[in-house]
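Peer 1: using only what follows, build the 3D model:
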Amino acid sequence: MKPLTILSVAYPFAPVSADSVGGAEQVLARLDAALLAAGHRSVVVARADSRVAGALVPVPAEAGPIDDAVRARAHARHRAAIAEALRTHPVDLIHLHGIDFPDYLPPPGPPVLATLHLPPSWYPPGALSPAGTRT
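Peer 2: Take a look at the predicted model:
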């Protein structure tokens, strides 16, 4: 079997590690390690203070209260980091984990999988079937 390259994208406001406070971040950390153990490549877009088994594409952590300006800046940084990962790695699948994933959906390219870590009703309208994507 040909090894796959999976690009996992974390929620912008929490670090990824096996002992993170957030369940989604723990799930991502375990998937990242399992991909490598199975002989695949794992690339993770996450906060710079994350601890991953694969390649980390670091995004600076935001400081202070999370307001609209901070959210917009974090989403822009995530979009830039995703674009960088797609330029530098032969990505076969993009796996999104954040509840705010519609704000940093990648441009058309590899298929996109969004894991819902919360009830579907918590996601914005249209998030579960975004137009113009292979999500």
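Peer 1: this protein: strands as residue ranges?
Peer 2: For the chain, the strands defined by DSSP state E cover 5-9, 41-47, 55-59, 93-96, 112-114.
Peer 1: specify the stretch among these that is closest to residue 20.
Peer 2: The closest of the strands of the chain to residue 20 is strand 41-47. By C-beta to C-beta, the value is 10.0 Å. (Glycine included, C-beta is placed from N, CA and C.)
Peer 1: need the single longest helix in the protein, by residues.
Peer 2: When the chain is parsed with DSSP state H, its longest helix is helix 68-88.
Peer 1: for that helix, name the packing helices and strands.
Peer 2: If you count contacts as 3 or more C-beta pairs under 8 Å, 6 or more residues apart in numbering; DSSP states H and E, helix 68-88 packs onto strand 5-9, strand 41-47, strand 55-59.
Peer 1: mind running it again at 6 Å?
Peer 2: When contacts are defined as 3 or more C-beta pairs under 6 Å, 6 or more residues apart in numbering; DSSP states H and E, helix 68-88 packs onto strand 41-47, strand 55-59.
Peer 1: mind checking which of those strands is nearest residue 114?
Peer 2: When these are compared (using C-beta to C-beta), the closest one is strand 41-47, at 13.9 Å.
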